[in-house]
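Novice: 3D model of this:
(2 chains)
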Number of protein chains: 2
Amino acid sequence: MVPKAIDLVEKFGAFQERWSPKIVARLNDYEIKLAKLEGEFVWHSHADTDELFFVLDGELTIEFREGPVRVAAGQMLVVPRGVEHRPIARGLVQAMLIEPSGVINTGDAGGELTAEYDDSLA
Amino acid sequence: MVPKAIDLVEKFGAFQERWSPKIVARLNDYEIKLAKLEGEFVWHSHADTDELFFVLDGELTIEFREGPVRVAAGQMLVVPRGVEHRPIARGLVQAMLIEPSGVINTGDAGGELTAEYDDSLA
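Specialist: Residues are numbered from 1 along each chain as shown, chains lettered A, B, ... in the order given. Purely as a prediction, here's the structure:
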């Protein structure tokens, strides 16, 4: 069976929820997720893994305890494991996230922004 | 230390070599690489890992033994482990590759298109 190309515009068009990453592809034991971000997320960290944010549209700010970093469209940032961070999107941001399978979006923080596992677009 | 945003346009501007992936970021035991592709690559496979191609500019064709798949800008494709493939770029293609650390571009095929490990842009 020939692998299929995955069109990101099409995938982003298929959902509107904010802070609810959708798995669109798998790479070994990693997941490629798309997310629409808008507003302020919660402070959290992931004890066991780095986390990659690749901003495809809009501008994301990621706050760290030492200060904020802006990540514009066409830029990526890797949050090292164990480092507290809080994503903030002043407007709508479309981003790709890459991390090992099973990582929860709110990490150690939990709470109402914790997203369900969603591979309906994979 | 606060992580830095990585600007892909800036990174692509820093090299011209074709078929010579440059590591720009690390994510746990994985590497994020940028590559400029132009012309025909060699048939090869990677026995131990899937390989992700994300086309950022141009249009890539990936040939499989069962037929070709076009991957346009804004599209990605995961080549499953062990599956023979041959990337072909009719014009210049700028792509992001994601795979575990140490994967060689020509896989099992080797030959003169085998690229040196290059993390000078990381």
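
Novice: Next, the buried residues of the strand or helix carrying residue A:61.
Specialist: Element membership of residue A:61, judged by DSSP states H and E, is strand A:59-64. For strand A:59-64, the neighbour count (16 or more other C-beta atoms under 10 Å in any protein chain shown) marks A:60, A:62, A:63, A:64 as buried. Every residue, glycine included, has its C-beta placed from N, CA and C.

Novice: Ok, stretch A:50-61 next?
Specialist: Here stretch A:50-61 shows A:50, A:51, A:52, A:53, A:54, A:55, A:56, A:57, A:58, A:60 as buried, counting by 16+ other C-beta under 10 Å.

Novice: related to what we said a few turns ago, got CSV for the buried residues of strand A:59-64, with distance to residue B:77 too?
Specialist: Converted to CSV, the buried residues of strand A:59-64 look like this (distance: C-beta to C-beta, whole Å):
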residue, distance to residue B:77
A:60, 25
A:62, 28
A:63, 34
A:64, 34
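
Novice: sorry, back to before: what's the first helix or strand after the strand holding residue A:61?
Specialist: With DSSP H and E, the next secondary element past strand A:59-64 is strand A:67-72.

Novice: Can you mark which positions in that next one are buried?
Specialist: A:69, A:71.

Novice: what's the helix or strand following it packed up against?
Specialist: Once strand A:67-72 ends, the next helix or strand along the chain (criterion: DSSP H and E) is strand A:75-79. Judged by 3 or more C-beta pairs under 8 Å, 6 or more residues apart in numbering or on different chains; DSSP states H and E, strand A:75-79 is in contact with strand A:51-57, strand B:6-7, strand B:22-27.
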